[in-house]
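Student: Need coordinates for the following:
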Amino acid sequence: MELDFNQLKELIKLINDSKITQFELNAENAEIKISKNAPQAALIAAAEPPKTAQTAPSDEPITILPETSVPKKEGNYITSPIVGRFYSSASPEQPPLAPIGKRVKEGDVVCIIETMKVMNEIPSPFGGEIAEILVENDRPVEYGQPLFRVV
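Tutor: Below you'll find the model as predicted:
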């Protein structure tokens with residue numbers, strides 16, 4: 001059994017959006033465990049790397065630990081829907097798409113995330129005022145990482 005990155009991402013999203021709190025999948029050369037709201041590791045996956053992958057082989061499982069508990073500030077958070085590099089504007093010469101204080105509507109482009117040389121416009125999932133930018137320009141971001149706080 002082989003899962004590519006997009007299939008794994010979709011599996012995580014499906015479980016996250018459901019009422020399932022724990023999920024396990026055991027196959028010949030892969031083991032995936034996903035647990036929501038667990039105090040221990042949120043995801044542990046051990047799999048044999050595909051033969052076409054350009055990663056160093058390793059028998060150690062990948063462990064993604066939940067973020068430390070930091071009190072969230074008031075407002076909604078726009079999170080990264082993909083892994084990539086965060087850009088606040090379309091080009092270095094242009095002003096930021098969503099500076100602090102700007103009012104945005106649902107669907108307004110707030111930033112760009114570059115993934116594999118593709119520039120992805122990230123729309124706001126809701127309206128409000130940009131209260132905080134949580135990522136520095138030209139920095140890597142992870143899936144689900146908060147980018148903006150909107151009030």
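Student: Which strand residues bridge Arg85?
Tutor: Legend: beta-bridge partners of Arg85 under DSSP bridges are Glu114, Pro140.
Student: can you list the domains in this structure?
Tutor: 5-64, 76-150 (automatic domain parsing).
Student: possible to save these as TSV with mean pLDDT and mean neighbour count?
Tutor: C-beta here means a position set from N, CA and C on the backbone, and glycine is covered the same way. Converted to TSV, those look like this (pLDDT from 0 to 100; neighbours: other Cβ atoms under 10 Å):
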stretch	mean pLDDT	mean neighbour count
domain 5-64	63	12
domain 76-150	95	15
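Student: helix or strand for Glu129, which one?
Tutor: Following DSSP states H and E, one finds Glu129 within strand 128-133.
Student: Is Glu74 in contact with Val151, as I believe?
Tutor: Yes: assessed by Cβ atoms under 8 Å, Glu74 is found in contact with Val151 at 6.4 Å.
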